[in-house]
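Colleague: have a look at this prediction, sequence included:
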Amino acid sequence: MERQAEVMIPTKWGNFTMIAYADDVSDKMPHLAMVHENFTTGKPVYLRIHSECLTGDIWGSRRCDCGEQLDKSMEIAAREGGVVIYLRQEGRGIGIINKIKAYQLQDTGLNTIDANIHLGFEADERSYGIAVAILEDLDIHQIRLMTNNPDKIDALTEQGIEVLERVPLIIQPQEGNASYLRTKQDQMGHLLDLK
């Protein structure tokens, strides 16, 4: 996997360089890095590794907290000269079609984990090796990781990235996602501090 293209993108949070990473230039679904214009190597970087969530990121779905986490991450990255890596692993790695099927199962009473398992998947099919490769390309070795997921911290640490700090991304639960967030906290170990 390597850089295929890059360009400056002015956003509502500030100027970021968008870098597309793929094995081949013809890849229509590359992974992306959004690198703030004030980013510099050689110091710890505020970093978010965000897995694609079309429903939350684009349409503002209230079934999850993904879009709000992405928005908050971009805000922090802009303020701190940080980076947001956008991995194309929709639905915790099961893809948009299976994610929609999982939502249908959740509407019948299954939680997000049980729905994925019912469809024949692990609770979480994501991996972070591609993110580590992107970090190596950007010469990033020490990070302040914007996450609530301890598994993400462990995965990066095991691959040689020094996580100096976890920066929480706590989103206020809403009627449509309270159960989802509770499952993430109680069954997946996410650090949400829900009462």
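Modeller: Sure, I can see it. Numbers count the residues shown, from 1 in each chain.
Colleague: what about the helices in the protein?
Modeller: 54-57, 66-80, 90-93, 96-106, 112-118, 129-137, 150-158, 178-188 (DSSP state H).
Colleague: packing partners of the third one?
Modeller: So that's helix 90-93. Packed against helix 90-93 by the contact rule (3 or more C-beta pairs under 8 Å, 6 or more residues apart in numbering; DSSP states H and E) you find strand 45-51, helix 96-106. Backbone N, C-alpha and C define where each C-beta goes, glycine included.
Colleague: looking at the ones you listed, which one is packed in the most?
Modeller: Highest mean neighbour count among the helices and strands packed on helix 90-93 (mean count of other C-beta atoms under 10 Å): strand 45-51, with a mean of 24.
Colleague: pLDDT weak spots in this structure?
Modeller: Applying pLDDT under 70 to the chain picks out residues 173, 176-195.
Colleague: centroid residue for it?
Modeller: His50 (1.4 Å; C-alpha atoms, centre = their mean).
Colleague: could you check how far that one is from Glu68?
Modeller: 11 Å (C-beta to C-beta, to the nearest Å).
Colleague: in stretch 126-144, what counts as buried?
Modeller: For stretch 126-144, the neighbour count (16 or more other C-beta atoms under 10 Å) marks 126, 128, 130-132, 134-135, 138, 140, 143-144 as buried.
Colleague: what does it contact?
Modeller: Contact with stretch 126-144 is made by 1-3, 19, 21, 31, 33, 35, 41-47, 49, 51, 80, 82-83, 85, 87, 89, 92-93, 152, 155-156, 159-167, as judged by C-beta atoms under 8 Å, 6 or more residues apart in numbering.
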